[in-house]
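Student: Next one to model:
(one chain, ligands or ions: 3)
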Amino acid sequence: MASAFLRRMASSISSSYSHYALKHRVVGTPRISRRSFAVSASKFSNENREFVIVGGGNAAGYAARSFVDHGMADGRLCIVTKEAVAPYERPALTKGYLFPLDKKPARLPGFHTCVGSGGDRQDPEWYQKHGIEVLYEDPVISFDSNTQTVATSSGKTIKYGSLIISTGCGSARFPEKIGGNLPGVHYIRDIADADSLISSLQKSKKVVIIGGGYIGMEVAAATTGWNLDTTVIFPEDHIMSRLFTPSIAHRYEELYESKGVKIMKGSLIEKLEAGADGRVANVVLKNGSVVEADTVIVGIGAKPAVSPFEAVGLNTSVGGIQVDSLFRSNVPGIFAIGDVAAFPLKIYNRMTRVEHVDHARKSAQHCVKSLLTAYTEPYDYLPYFYSRVFEYEGSTRKVWWQFYGDNVGETVEIGNFDPKLATFWIDSDSRLKGVFLESGTSEEFSLLPQLARSQPVVDKAKLKSASSVEDALEIARNSL
Ligand SMILES: Cc1cc2nc3c(=O)[nH]c(=O)nc-3n(C[C@H](O)[C@H](O)[C@H](O)COP(=O)(O)OP(=O)(O)OC[C@H]3O[C@@H](n4cnc5c(N)ncnc54)[C@H](O)[C@@H]3O)c2cc1C
Ligand SMILES: NC(=O)c1ccc[n+]([C@@H]2O[C@H](COP(=O)([O-])OP(=O)(O)OC[C@H]3O[C@@H](n4cnc5c(N)ncnc54)[C@H](O)[C@@H]3O)[C@@H](O)[C@H]2O)c1
Ligand SMILES: O=C1O[C@H]([C@@H](O)CO)C(O)=C1O
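Tutor: Residues are numbered from 1 along each chain as shown. Ligands and ions are numbered 1, 2, ... in the order given. You can find the predicted model right below:
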């Protein structure tokens, strides 16, 4: 009854709703409008939800904040999540969360979104206070765009007006047949994974980390803080091979080695072997060598979590769910944001997915703003990656770097990593395309996006002759 009433209200609604419907290609079942919900006495009295977000991670937390900012959350928004906790700043999991237990590790509720960007700490009470329904530990297992419903593992069927998919990524895993699921073998994507890793680290002596990417480097830094024997194994010839030049990588590798980390490059894994107790004991390499380990952390990349949404335009070139510059998929009323979204990267005119938190936050805000208002500016993202390691109290050298732009073209590196280093990527037209900085000040870091966004023509010879990182940044600034 209530639902029929709300629908009648929805069909007689104002021009702003018509605009919204047209813009978002609403077809079929009319949505329950904002106004109709305003007259609804009880929140969520039936299975209809005006807005449903699937996934309760970084993007979901920032999307929820945007719904609240637009006055559109209360009684209208439902978040369905696989995790047992409210959205949090995932980057903390391989940073503050892994500090040694006697060095004040980060724990919830400390790092719920949106504290990472200076916003409110949205703990479970925040969602209640703002009338946002959160269904915890209840993953969506299927969806039907004809009936506009999602089904959850506990057996709920939820009808949505608009659906925002923010399921992120899952860790790439080694197959079971080569020991990928042995006790003591860890992947790290969510808080449950991090807790399980910590319980292994508490009884660990020898750690092997497989993968020389973000997880590999952040977890290796963490385990040195625990004073554990740490070996990192990866197939490439230097760490962070997708982003770092061999020269940048070399500086960090030396630093890790100076802290006792062993680095095995160009090495492929044959299998992980169990010991007599059934826990992982050996990492066997394809070249036949064997590295002992009681704890193995696998950081070999991530895969977009698309399985319940196979019917929504899946992008085959970069994976994920293909969306336009307002995060609309090819199915009316369905949006995708964060890691899972394959979107047009306007600045470089290509489709991409970005698996980093800055994009999760910005895509969420952009999507919700365009969903709820007349905003139609295309998303114009500037890629931004960063890391911070060896941050725990007592560490002799802290590391914090940022990169903006595209790592294409020739590079000019300035600085001796004591502590600063800057690298500039310059294309064949002498345009500055990307810039990397270690140990900058906040003022220096704030210059990087300006440079990467405006891509000034730079005098390469002059840049090369810079006497210091500060001098190089000044030369680059003067080319703006
Ligand atoms: C350990 C770690 C450290 C990181 N550190 C950094 C960093 O320092 N800097 C940086 O820029 N980026 C970092 N990232 C990447 C960054 O965290 C992600 O880009 C960001 O979390 C993406 O947000 P998202 O909401 O798209 O996905 P997520 O935050 O992963 O959220 C997805 C959510 O969806 C849930 N979910 C999945 N499937 C379903 C389903 N079927 N039903 C219901 N719920 C579902 C998941 O459980 C999860 O809660 C890190 C990632 C990891 C894993
Ligand atoms: N600071 C950050 O931005 C940050 C920090 C942690 C995690 N993350 C995110 O978490 C996700 C996972 O990170 P990641 O470090 O696993 O991915 P990654 O892509 O950064 O690194 C993967 C590494 O594993 C190696 N590898 C791939 N296949 C392998 C195989 N079969 N055997 C051995 N090595 C193999 C790669 O060569 C690479 O060195 C990514 O989305 C990443 O962006 C980001
Ligand atoms: O973006 C981030 O958020 C968390 C943390 O700052 C939240 O408190 C973290 O470690 C980041 O790198």
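Student: what residues go with each domain of the chain?
Tutor: For the chain, automatic domain parsing gives the domain ranges 2-169+303-372, 173-300, 398-479.
Student: So the last one, near ligand 3 or not?
Tutor: So the one you mean is domain 398-479. No. Judged by CB under 6 Å from any ligand atom, domain 398-479 makes no contact with ligand 3; its nearest approach is 9.7 Å. All C-beta atoms are positioned from the backbone trio N, CA, C, and that covers glycine.
Student: distance between the ends of that domain?
Tutor: End-to-end span of domain 398-479 (CA to CA, to the nearest Å): 31 Å.
Student: wait, which of the domains of the chain is closest to ligand 2?
Tutor: Nearest to ligand 2 among these is domain 173-300; the distance by CB to the nearest ligand atom comes to 1.9 Å.
Student: Identify the residues contacting stretch 408-422?
Tutor: Under the criterion CB atoms under 8 Å, 6 or more residues apart in numbering, residues 245, 247-248, 251, 255, 397, 423-428, 433-440, 460, 463-464, 466, 468-469, 471-473 lie in contact with stretch 408-422.
Student: Recalculate using a threshold of 6 Å.
Tutor: 245, 247, 251, 423-427, 433, 437-439, 463-464, 466, 469, 472 (CB atoms under 6 Å, 6 or more residues apart in numbering).
Student: Make CSV out of the domains of the chain and add mean neighbour count and mean pLDDT.
Tutor: Compiled in CSV, the domains of the chain are given as follows (neighbours: other CB atoms under 10 Å; pLDDT from 0 to 100):
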stretch, mean neighbour count, mean pLDDT
domain 2-169+303-372, 19, 85
domain 173-300, 18, 98
domain 398-479, 18, 98
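Student: Make CSV out of those and add distance to ligand 2.
Tutor: Formatted as CSV, the entries for the domains of the chain read as follows, by distance: least, CB to the nearest ligand atom, whole Å:
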stretch, distance to ligand 2
domain 2-169+303-372, 3
domain 173-300, 2
domain 398-479, 9
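Student: export those domains to TSV and tack on distance to Tyr379?
Tutor: TSV is the format used below for these (distance: least, CB to CB, whole Å):
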stretch	distance to Tyr379
domain 2-169+303-372	5
domain 173-300	22
domain 398-479	14
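Student: closest to ligand 1 out of these?
Tutor: domain 2-169+303-372 (1.7 Å).
Student: quick revisit: which of the contacts of stretch 408-422 fall within helices?
Tutor: The helices, defined by DSSP state H, take in 247, 251, 463-464, 469, 472 from the contacts of stretch 408-422.
Student: Any residues of the stretch 301-450 of the chain in contact with ligand 1? List them.
Tutor: On the criterion CB under 6 Å from any ligand atom, ligand 1 has as its neighbours in the stretch 301-450 of the chain the residues 305, 308, 338-340, 355-358, 360, 386-387.
Student: Now, the residues you listed that are in helices?
Tutor: Secondary-structure check on those using DSSP H: residues within helices are 357-358, 360.
Student: how about the helices in this structure?
Tutor: Per DSSP H, the chain carries helices over the ranges 2-11, 15-23, 34-39, 58-69, 124-129, 191-201, 214-225, 246-258, 357-372, 442-454, 460-464, 469-478.
Student: Which residues does the fifth one contact?
Tutor: If I follow you right, that is helix 124-129. Among residues not part of helix 124-129, those counted as contacts by CB under 6 Å, 6+ apart are 86, 134.
Student: and what of the fourth one?
Tutor: Around helix 58-69, the neighbours that count as contacts under CB under 6 Å, 6+ apart are 53, 73, 77, 79, 87, 90, 113-114, 122, 130, 132, 166, 337-338, 357, 360-361, 364-365, 368.
Student: by how many degrees do it and helix 357-372 diverge?
Tutor: For helix 58-69 and helix 357-372, the angle between their directions (axes from the mean of the first three to the mean of the last three CA atoms, to 10 degrees) works out to 40 degrees.
Student: who's in contact with Arg353?
Tutor: By CB under 6 Å, 6+ apart, the contact set of Arg353 is 318, 320, 342.
Student: pretty sure Glu83 is touching Gly56, no?
Tutor: Yes. Under the criterion of CB atoms under 6 Å, Glu83 lies in contact with Gly56, with a separation of 5.5 Å.
Student: nearest residue to the residue of the stretch 1-150 of the chain found nearest ligand 3 other than its sequence neighbours?
Tutor: When you check the stretch 1-150 of the chain against ligand 3 by CB to the nearest ligand atom, the closest residue turns out to be Gly116, at 2.9 Å. Among residues not flanking Gly116 along the chain, Glu89 sits closest, at 3.9 Å (CB to CB, 6 or more residues apart in numbering).
Student: Check Gln455 too.
Tutor: Distance criterion CB to CB, 6+ apart; nearest residue to Gln455, sequence neighbours excluded, is Arg431 at 4.6 Å.
Student: separation between that neighbour and ligand 3?
Tutor: Spatial separation of Arg431 from ligand 3 under the definition CB to the nearest ligand atom, to the nearest Å is 29 Å.
Student: distance of that residue from Ala476?
Tutor: If you measure Arg431 against Ala476 using CB to CB, to the nearest Å, the figure is 12 Å.
Student: go on, Leu268?
Tutor: Counting by CB to CB, the gap between Leu268 and Ala476 amounts to 39 Å.
Student: and if you look at Gly409?
Tutor: Relative to Ala476, Gly409 is positioned 14 Å away (CB to CB).
Student: Equivalent analysis for Glu292, please.
Tutor: As for Glu292, its distance to Ala476 is 47 Å (criterion: CB to CB).
Student: picking up where we left off before, from the contacts of helix 58-69, which are also near ligand 3?
Tutor: Among the contacts of helix 58-69, the residues that sit close to ligand 3 (CB under 6 Å from any ligand atom) are Val357.
Student: Keep only those of the contacts of helix 58-69 that are in strands.
Tutor: Restricting the contacts of helix 58-69 to those inside strands, with DSSP state E as the criterion, leaves 53, 77, 79.
Student: From the residues you listed, pick the one nearest Lys156.
Tutor: Of all those, the one sitting nearest Lys156 is Ile79; the distance, using CB to CB, is 13.2 Å.
Student: is that closest one in a bridge, and if so with what?
Tutor: Taking DSSP bridges, one finds Ile53, Val134 as the beta-bridge partners of Ile79.
Student: Tell me who's in contact with it.
Tutor: 53, 56, 60, 134.
Student: my guess is the residue nearest to Gln455 meets Arg453, correct?
Tutor: No. In this structure, Arg431 is not within contact of Arg453 by CB under 6 Å, at 11.8 Å.
Student: contact partners of stretch 184-195?
Tutor: 83, 93, 97, 171, 197, 200, 272, 279-280, 295-298.
Student: Between these, which sits nearest Tyr375?
Tutor: Distances from the contacts of stretch 184-195 to Tyr375 were compared by CB to CB; the smallest belongs to Glu83, at 29.9 Å.
Student: how about that closest one, what does it touch?
Tutor: Residues in contact with Glu83, defined by CB under 6 Å, 6+ apart, are 56, 190.
Student: Distance of it relative to Val134?
Tutor: Applying CB to CB to Glu83 and Val134 gives a distance of 10 Å.
Student: And for Gln402?
Tutor: Computed with CB to CB, the distance linking Gln402 and Val134 is 32 Å.
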